[in-house]
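Trainee: Build me a model from this:
(one chain, ligands or ions: 1)
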Amino acid sequence: MPDAEALSGAYKTLLSAIEEVEPRIAQATRSELADQRSSLKLIASENYASLPVLATMGTWLSDKYAEGTVGHRFYAGCQNLDTVESVAAEHARELFGADYAYVQPHSGIDANLVAFWAILAHHVETPALAEHDVRGVNDLSEADWEALRRKFGDQRLLGMSLDAGGHLTHGFRPNVSGKMFHQRSYGTDPQTQLLDYDAVADSAREFKPLILVAGYSAYPRRVNFAKMREIADEVGAVLMVDMAHFSGLVAGKVFTGDEDPIPHAHVVTTTTHKSLRGPRGGMVLATQEYAADVDRGCPMVLGGPLGNVMAAKAVALAEARKPEFQTYASAVVDNARALAEGLMTRGATLVTGGTDNHLVLMDVANYGLTGRQAEAALLEAGIVTNRNAVPNDPNGAWYTTGVRLGTPALTSRGFTTSDMDDVAALISDVLSATSARPTKEGKPGKARYDLSDDVVQNARTTADSLLSTRPLYPGFTL
Ligand code: DSN
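Mentor: Take a look at the predicted model:
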């Protein structure tokens with residue numbers, strides 16, 4: 001761990017320089033640290049990047065344009081960004097055992113778009129392409145594009161539905177992925193709420209997708225990617241896995257064998273900031289077969305890569321290659337299990353009846369609340385979560401009936417399974433004391449709620465005492 005005191009000095013100096021230009025930004029930066037330190041962060045997709053990762057983002061690497069690929073840029077003077085991108089890609093390949101890594105995407109959505117276009121470019125042949133024996137999208141004429149557009153319109157994508165825990169980029173209608181492709185979704189078993197591989201296979205046989213997408217952002221269970229690959233192979237589909245939520249668990253060797261997507265998928269996408277604990281950003285990993293097509297992410301989908309963020313990805317990936325990261329990843333899963341057990345013991349209903357990954361999805365209907373009311377009441381008590389739809393949610397995607405909880409962030413602070421039981425008790429106490437406030441017309445309200453100041457005060461005191469034993473960035477002061 002770097003010397004926190006020396007880093008504090010450096011950050012104090014930097015914030016004073018910012019203060020001279022725009023004090024409100026310096027203040028918001030300080031406040032954000034104070035807020036993050038003083039709340040129980042249970043948002044499943046958030047984490048705390050290390051101070052070296054954060055520091056790497058604040059440099060002049062940000063000032064350089066570098067469209068293109070390593071050694072093949074559209075701007076002069078990219079030698080240092082070439083180094084940065086090569087080092088980040090090397091760490092990603094080594095960490096995940098992937099043939100190829102593309103570290104330019106700015107987000108998970110960008111990474112998924114790069115992957116979709118790469119798969120389309122790889123599989124959708126146009127007459128002109130065949131005639132001229134050219135393969136790259138950069139070599140396409142206008143006639144090729146016209147043919148490609150027509151063909152693209154006929155391609156199909158099968159992904160997990162949003163309310164079963166899939167992501168909006170997996171073919172959700174209002175997202176571009178639901179417009180680029182004819183799309184169909186697979187859900188979960190209505191009784192067990194678990195992924196039903198036979199149902200996915202039946203749907204794939206009938207729909208015959210070009211792309212079968214596996215991966216989730218709110219499904220509290222592991223996926224057998226070997227089975228998903230069998231389904232893809234049977235129908236001639238490309239298996240794309242979006243491991244944005246659980247890439248830290250793959251990196252930390254908690255998900256191995258059939259649960260590790262890398263040996264089974266053709267293309268894998270991820271964000272770098274969730275359980276992987278890096279900077280905000282995205283990444284695509286692929287087999288050699290798809291490497292050249294993924295490599296055209298810029299200029300196909302992306303603009304100039306962010307040199308400072310690619311550098312921070314390299315630092316985070318180097319951290320994730322250390323043995324301590326495996327200990328961290330195991331603790332994330334142990335903590336999620338402890339949180340789930342602590343909640344269920346206190347009468348909570350969990351989607352699928354538990355968890356075996358980093359997240360828990362609570363169905364808050366038995367407290368008489370919507371997800372929105374539960375999220376707001378928990379926030380008042382210093383517990384940061386996000387509302388989330390449950391399968392076939394009667395309250396829709398805005399109010400929802402669920403609250404999603406994740407353990408990557410608190411585990412980074414050093415929370416243990418016994419701490420997670422205390423957190424479960426706190427959540428249970430707050431939700432049990434919250435009641436939905438009816439609308440003026442006397443109908444059941446979906447947004448407003450009542451919660452006494454005493455309960456809030458007691459919850460905050462308990463949260464503060466838990467947080468004070470597990471400080472964020474120990475020794476670092478501003
Ligand atoms: N925003 C991410 C999440 O919360 O899961 C997905 O995009």
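Trainee: Go ahead and confirm residue 304 touches residue 66.
Mentor: Yes. With contact defined as CB atoms under 8 Å, residue 304 counts as touching residue 66 (6.0 Å). Glycine gets a C-beta too; all of them are placed from N, C-alpha and C.
Trainee: and those two? which has more neighbours close in?
Mentor: Using other CB atoms under 10 Å, the more surrounded residue of residue 304 and residue 66 is residue 66, with 25 against 18.
Trainee: The more buried one: what's it in contact with?
Mentor: Going by CB atoms under 8 Å, 6 or more residues apart in numbering, residue 66 touches 73, 75, 78, 81, 82, 85, 304, 305, 307.
Trainee: For the third one, grab the count of nearby residues.
Mentor: When you say that, I think you mean residue 78. As a burial measure, residue 78 scores 22 neighbours (other CB under 10 Å).
Trainee: Just give the nearest non-adjacent residue to it, would you?
Mentor: Closest residue to residue 78 apart from its sequence neighbours, by CB to CB, 6 or more residues apart in numbering: residue 66 at 4.5 Å.
Trainee: quick check, that neighbour in a helix?
Mentor: No. Counting by DSSP: H, G, I helix; E, B strand; the rest coil, residue 66 is located in no helix; its state is coil.
Trainee: And it, how close does it get to the ligand?
Mentor: Separation of residue 66 from the ligand (CB to the nearest ligand atom, to the nearest Å) stands at 26 Å.
Trainee: Near the ligand, which residues of this structure are found?
Mentor: Counting by CB under 6 Å from any ligand atom, the positions of the chain adjacent to the ligand are 45, 108, 167, 217.
Trainee: The second one contacts residue 273, correct?
Mentor: No. Taking contacts as CB under 8 Å, residue 108 lies outside contact range of residue 273: 9.0 Å.
Trainee: Please identify the helix or strand for the residue nearest to residue 100 when sequence neighbours are not counted.
Mentor: Using CB to CB, 6+ apart and skipping the chain neighbours, the partner closest in space to residue 100 is residue 291 (3.9 Å). Using DSSP states H and E, residue 291 falls within helix 288-294.
Trainee: Show the buried residues in the residues of the chain next to the ligand.
Mentor: Among those, those classed as buried by 16 or more other CB atoms under 10 Å are 45, 108, 167, 217.
Trainee: Am I right that residue 107 is in contact with residue 283?
Mentor: No. Using CB under 8 Å, residue 107 is not in contact with residue 283; the gap is 10.3 Å.
Trainee: name the helices or strands packed onto the top helix by length along the chain?
Mentor: Longest helix of the chain, by residue count under DSSP state H: helix 323-345. Applying 3 or more CB pairs under 8 Å, 6 or more residues apart in numbering; DSSP states H and E, one finds that helix 323-345 contacts helix 247-251, strand 349-350, strand 359-363, helix 408-412, helix 417-432.
Trainee: Tell me which residues are up against it.
Mentor: Identification of contacts with helix 323-345 by CB under 8 Å, 6+ apart yields 220, 248-249, 251-254, 275, 277, 319, 350, 353-360, 362, 405-408, 410-412, 415-421, 423-425, 427-428.
Trainee: Tell me the gap between it and the middle of its chain.
Mentor: Distance of helix 323-345 from the chain centroid (CA atoms, centre = their mean, to the nearest Å) equals 18 Å.
Trainee: May I see the buried residues of it?
Mentor: Quick answer for helix 323-345 (16+ other CB under 10 Å): 325, 328-329, 331-344.
Trainee: Please apply the same query to stretch 184-202.
Mentor: By neighbour count with 16+ other CB under 10 Å, stretch 184-202 contains the buried residues 184, 185, 186, 187, 188, 193, 195, 196, 200, 201.
Trainee: now that stretch, how far from the centre of its chain.
Mentor: Remark: stretch 184-202 is offset 22 Å from the chain centroid, using CA atoms, centre = their mean.
Trainee: which residues touch it?
Mentor: Stretch 184-202 has contacts (CB under 8 Å, 6+ apart) with 156-166, 170-171, 203, 207, 209, 212, 219, 221, 223-224, 227-228, 231, 234, 351-353, 391-392.
Trainee: Need the pLDDT of the residue in the stretch 1-150 of the chain that the ligand sits nearest to.
Mentor: Closest residue of the stretch 1-150 of the chain to the ligand, CB to the nearest ligand atom: residue 45 (3.3 Å). Here, the pLDDT recorded for residue 45 equals 98.
Trainee: sec struct for the closest residue to it other than its chain neighbours, please.
Mentor: In this structure, residue 45 finds its nearest non-sequential neighbour in residue 274, 4.9 Å apart by CB to CB, 6+ apart. The three-state assignment at residue 274 reads coil, by three-state DSSP.
Trainee: can you pull the contacts of residue 274?
Mentor: Going by CB under 8 Å, 6+ apart, residue 274 touches 44, 45, 46, 47, 244, 245, 247, 248, 408.
Trainee: Phi, psi for it please.
Mentor: When read as degrees, to the nearest 10, the backbone of residue 274 gives phi -90, psi -120.
Trainee: Endpoint to endpoint, stretch 69-76 covers what distance?
Mentor: Distance across stretch 69-76, first residue to last, is 12 Å (CA to CA, to the nearest Å).
Trainee: Model confidence for the closest residue to residue 208 other than its chain neighbours, exactly?
Mentor: Spatial nearest neighbour of residue 208, chain neighbours left out: residue 235 (5.5 Å); criterion: CB to CB, 6+ apart. The per-residue pLDDT reported for residue 235 equals 98.
Trainee: Count the residues that sit near residue 235.
Mentor: That count, for residue 235 with other CB under 10 Å as the rule, works out to 17.
Trainee: Would you confirm that it contacts residue 205?
Mentor: Yes. Here residue 235 lies in contact with residue 205, judged by CB under 8 Å, at a distance of 5.9 Å.
Trainee: What residues are bridge-paired with the residue of the stretch 351-478 of the chain found nearest the ligand?
Mentor: Closest residue of the stretch 351-478 of the chain to the ligand, CB to the nearest ligand atom: residue 386 (6.6 Å). With DSSP bridges as the criterion, residue 386 is bridged to residue 404.
Trainee: Surely it touches residue 403?
Mentor: Yes. Using CB under 8 Å, residue 386 is in contact with residue 403, at 7.3 Å.
Trainee: List the residue ranges of the stretch 51-200 of the chain that fall below the pLDDT cut-off.
Mentor: 125-142, 144-153 (pLDDT under 70).
Trainee: can you do 80?
Mentor: Residues of the stretch 51-200 of the chain meeting the criterion pLDDT under 80: 124-154.
Trainee: State the distance from residue 116 to residue 218.
Mentor: Relative to residue 218, residue 116 is positioned 21 Å away (CB to CB, to the nearest Å).
Trainee: Okay then, goodbye and thanks.
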